[in-house]
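Enquirer: dropping a prediction and its sequence here:
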Amino acid sequence: MRILSFLVFLLFVNFSFQNNKVVQFDIQKILNARPVSTLNNKHITTWTKGIDGGGFGDGYLTLSAALFNGDKEPHALPDNPIFAANESHPEIKLHYSNADSLNLQTCNIAGSGQVEFAVPQQKYKAVYLALTSSEGASQLHIILNYKTGTVIKDITLPDYYTDLNPTDKSICYLAHDLAKWGNKNNMTEKDHHNIDLLKVETDPGKILKSITIKKDKAGYLVFWAAAGEKA
């Protein structure tokens with residue numbers, strides 16, 4: 001019994017340590033879209049700016065919304081927007097909620113454009129960006145703004161229908177094999193769509209101030225969330 005209690009204690013300590021090493025970045029100021037339909041008080045609030053078609057295409061549903069909608073075995077987003085840490089990434093929190101039917105959830109970029117968001121100023125060994133690209137891949141330029149200068153990382157984000165290479169440690173699935181729904185919450189495709197998570201290595205010896213995501217013309221980008229792993 002003592003051994004079991006000790007093991008539980010070690011797991012708790014390790015979880016707390018890992019959790020304290022991860023910072024969920026505040027990107028509220030740049031959110032401009034609501035691509036996830038949610039369920040509150042037995043009412044579905046339909047997405048308003050989707051994940052493809054320049055924002056006029058399909059969106060996602062939470063699991064509760066999909067089941068309430070009558071979808072059978074839906075490949076929907078989990079009701080809990082906190083995606084637990086695993087062997088590929090730390091804990092990541094997205095911005096949708098069944099308790100919320102008003103607030104924006106993502107930052108969408110059609111064509112060329114860029115956004116910037118501040119981060120708590122400290123040293124990080126990596127940052128994680130939850131993203132989807134539809135209508136093909138998106139060529140991104142991730143600009144890391146340090147106190148002592150900037151570093152640009154050029155990254156091609158694959159289309160969200162693309163299966164990822166499991167040996168590529170710079171990208172993984174955050175949400176995998178999702179269905180899509182039209183603007184009347186009608187399921188249009190039953191599976192195979194993803195929310196990807198980019199791991200961007202940062203200089204652990206420098207203080208990071210902000211991050212700029214710059215996108216070229218091709219592709220339609222949805223930026224879901226960001227987090228940093230302290231050095």
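Expert: Nice, I can see it. Owing to the predicted nature of the structure, the values given are computational and were not obtained by experimental measurement. Residues are numbered from 1 along each chain as shown.

Enquirer: can we go C-alpha only for contacts and neighbour counts from here?
Expert: OK.

Enquirer: helix or strand next in line after the helix or strand of the chain with the lowest mean pLDDT, which one?
Expert: Each helix and strand of the chain was given a mean pLDDT (mean pLDDT, DSSP states H and E); the minimum falls on helix 2-20 at a mean of 48. As assigned by DSSP states H and E, the chain's next helix or strand after helix 2-20 is strand 22-24.

Enquirer: sheet partners, orientation included, of that next one?
Expert: Applying DSSP bridges, strand 22-24 is found paired with strand 220-230 (antiparallel).

Enquirer: export the strand it pairs with as PDB, just CAs?
Expert: Output of strand 220-230 as PDB, limited to C-alpha atoms (Å, rounded to 0.1, in the frame of the first residue of the first chain):
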ATOM      1  CA  TYR A 220      -6.300  29.100 -45.800                       C
ATOM      2  CA  LEU A 221      -4.800  29.200 -42.300                       C
ATOM      3  CA  VAL A 222      -6.600  28.700 -39.000                       C
ATOM      4  CA  PHE A 223      -4.500  29.400 -35.900                       C
ATOM      5  CA  TRP A 224      -6.000  27.700 -32.900                       C
ATOM      6  CA  ALA A 225      -3.600  28.200 -29.900                       C
ATOM      7  CA  ALA A 226       0.000  28.500 -28.800                       C
ATOM      8  CA  ALA A 227       2.100  27.400 -25.800                       C
ATOM      9  CA  GLY A 228       5.700  27.600 -24.800                       C
ATOM     10  CA  GLU A 229       7.900  25.200 -22.900                       C
ATOM     11  CA  LYS A 230      10.200  26.900 -20.500                       C
END
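
Enquirer: which parts of this structure are strands?
Expert: Ranges of strands in the chain, per DSSP state E, are 22-24, 36-40, 43-45, 60-61, 82-83, 92-93, 107-110, 113-134, 138-146, 149-157, 171-181, 187-201, 207-215, 220-230.

Enquirer: any chance of these in CSV, with mean pLDDT and distance to residue 164 too?
Expert: Listed next are these as CSV, based on pLDDT from 0 to 100; distance: least, Cα to Cα, whole Å:
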stretch, mean pLDDT, distance to residue 164
strand 22-24, 98, 24
strand 36-40, 97, 23
strand 43-45, 97, 32
strand 60-61, 98, 20
strand 82-83, 98, 19
strand 92-93, 98, 19
strand 107-110, 98, 22
strand 113-134, 98, 13
strand 138-146, 98, 15
strand 149-157, 98, 10
strand 171-181, 98, 7
strand 187-201, 97, 9
strand 207-215, 98, 21
strand 220-230, 98, 17
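
Enquirer: show residues contacting stretch 141-148.
Expert: Stretch 141-148 has contacts (Cα atoms under 8 Å, 6 or more residues apart in numbering) with 150-155, 202, 206-215.
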